[in-house]
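Asker: structure of the sequence below:
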Amino acid sequence: MARTARAAAVAMLDGVLGEGLLLSQCEAALTGLSPADRARAQRLTAQVLRHVEPTDRLLKPFLRKAPPLTVLNTLRLATVELVLGEAAHGVVNEAVNIVLHHRRHGALSGLVNAVLRRVAENPSFGKQPPQRLPFWLRKPLVDAWGKPAVTLMEAVQAAPAPVDLTLRPGRDVGIEGAEALPTGSLRLAPGVQVSALPGYATGDWWVQDAAAALAVPLLAPQAGERVLDLCAAPGGKTLQLAAAGAQVTALDVNESRMTRLRDNLARTGLVAEVVVADALDWQPEAPFDAILLDAPCSATGTIRRHPDLPFVKDGTELEALVTLQAALIDRALGWLKPGGRLVFCTCSLLPEEGEAQLAAALARHPGLRVDDTLPPGADPAWRAPAGGLRLRPDYWADRGGMDGFFMARLAR
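Answerer: The predicted model follows:
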């Protein structure tokens, strides 16, 4: 039986929920699929991961005990499709076939058929709350931002994220249905085929979440300045810096992720010096006017676009990340010209990787201060109490939210 998009989605769910793999590590399941089916499989997998908890509650009355994981993931996938309005006949038949042709679980195809026919009689999550974040993450977020804010974050994360575009300065792009955001990004509906949009081939824009796109305006690069994009991959900020006319050095330790950065530079015709090296070992030939440090972090602010993260991470990596962030801040400050500026940012919702990291840096470096200038279009309500910007998924909730970020501009 040839693998279908649904069968690939089940295999990817097995990888995330059974083996603790990130979705990016499950792409072998997509082998042999057409581009359209690959995209569909990825979309289906993400939909299920956003609704595992409510789906399991819906299935529970029809299951005397939990079936094997592949069978359960097949049921989850089919249930989510039924709730989203897919025709019951095709959904149920393919789910039955996926299990029927499984090398170990074929005998459970009858169970799948019976359960899904019951679900199809009332395919709704009803008034169930959205999927909750895992305890290790939810508790510190509630402590930091309050329960209502976290509940709204969870509601935003239950829906596919819209697609945000950063426009190249001076380019006039007419994209039907695009919403111009106050910060200058364009927002499109989820699932749009990016490569088919006007301006793609000519490099008039690139995909970049609206929150992530604020770091470069906060740094305010000037034409001709020497600017370092530290931990640069996959390169959205590098493109912004280069488009502003800066002389950009883009540095990252990950060769494979830098391939995407090079591809984007080629598509847009923008120029940057690309360096693959460990920032803790590398040394520049001369100091920089400005540095953008988008430091490695827990990525807890990106769950709306990466719904696999709550199932794969458990917070145990946080201590090492905080230590690395501090080391990178210290190293970057040593590479600045006198009077230079540094923007430190992390796509994290946890204060340890944002507000607390800033406080620790200020304590370690006498004379360092926060430049509290806001980037154009930023809401003053996003200003963090001790300086910098605190961005959260519940902001712009009626528009689809934004990634969670902390960012601060530092100067001596």
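Asker: identify the residues contacting the lengthiest strand in the chain?
Answerer: Secondary structure of the chain per DSSP state E: the longest strand is strand 336-346. For strand 336-346, the external contacting residues (CB atoms under 8 Å, 6 or more residues apart in numbering) are 215, 218-220, 287-295, 297, 301, 325, 329, 332-333, 353-354, 357-358, 361, 371, 405-412. Using the backbone N, CA and C atoms, a C-beta is placed for each residue, glycine as well.
Asker: pull the CA atoms of that strand into CSV?
Answerer: In CSV, the C-alpha atoms belonging to strand 336-346 read as follows (Å, rounded to 0.1, in the frame of the first residue of the first chain):
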residue,chain,number,x,y,z
LEU,A,336,31.5,46.4,20.3
LYS,A,337,33.2,49.7,19.4
PRO,A,338,33.0,52.4,22.1
GLY,A,339,29.5,53.7,22.0
GLY,A,340,28.3,50.6,20.1
ARG,A,341,24.9,49.0,20.8
LEU,A,342,23.7,45.4,21.3
VAL,A,343,20.2,44.0,21.0
PHE,A,344,19.8,40.8,23.0
CYS,A,345,16.7,38.8,22.3
THR,A,346,15.3,35.3,22.9
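Asker: buried set for that strand?
Answerer: Leu336, Gly340, Arg341, Leu342, Val343, Phe344, Cys345, Thr346 (16 or more other CB atoms under 10 Å).
Asker: neighbouring strands of that strand in the sheet, and parallel or not?
Answerer: Strand 336-346 has the following strand partners under DSSP bridges: strand 288-294 (parallel), strand 405-411 (antiparallel).
Asker: immediately after it, which helix or strand?
Answerer: helix 355-364 (DSSP states H and E).
Asker: which residues does that next one contact?
Answerer: Applying CB under 8 Å, 6+ apart, the contact partners of helix 355-364 are 322, 325-326, 329-330, 344, 346, 368-370, 384-388, 390, 406, 408, 410.
Asker: give me the buried entries from those residues.
Answerer: Here, 16+ other CB under 10 Å leaves 322, 325, 329, 344, 346, 368, 370, 384, 387-388, 390, 406, 408, 410 buried among those.
Asker: closest one of those residues to Ala36?
Answerer: Thr346 (35.3 Å; CB to CB).
Asker: now do the same for that closest one: its pLDDT.
Answerer: Looking at Thr346, its pLDDT reads 98.
Asker: just list the residues touching the nearest residue to it once chain neighbours are set aside, thanks.
Answerer: Of all residues not flanking Thr346 in the chain, Cys297 sits nearest, at 3.9 Å (CB to CB, 6 or more residues apart in numbering). Contacts for Cys297 (CB under 8 Å, 6+ apart) come out as Leu321, Gln325, Thr346, Cys347, Ser348, Glu353.
Asker: for Val96, give its distance to Asp56.
Answerer: 20 Å (CB to CB, to the nearest Å).
Asker: repeat that for Leu241.
Answerer: Taking CB to CB, one finds Leu241 at 45 Å from Asp56.
Asker: which one's more surrounded, these two?
Answerer: A count of neighbours by other CB atoms under 10 Å puts Leu241 above the other of Leu241 and Asp56, at 28 against 16.
Asker: and the more buried one, that's in a helix?
Answerer: Yes - per DSSP: H, G, I helix; E, B strand; the rest coil, Leu241 lies within a helix segment.
Asker: that one reaches Ala272, doesn't it?
Answerer: Yes - at 7.4 Å, Leu241 counts as touching Ala272 under the criterion of CB atoms under 8 Å.
Asker: what touches both of these two?
Answerer: Common neighbours of Leu241 and Ala272 (criterion: CB under 8 Å, 6+ apart): Asp229, Val248.
Asker: off-centre distance for the longest strand of the chain?
Answerer: Centroid separation for strand 336-346 versus its chain: 25 Å, with CA atoms, centre = their mean, to the nearest Å.
Asker: heads up, I number from 580, so please use that
Answerer: New numbering, starting at 580: the last item is strand 915-925.
Asker: quick check: angle from that strand to helix 934-943?
Answerer: Here the directions of strand 915-925 and helix 934-943 differ by 160 degrees (axes from the mean of the first three to the mean of the last three CA atoms, to 10 degrees).
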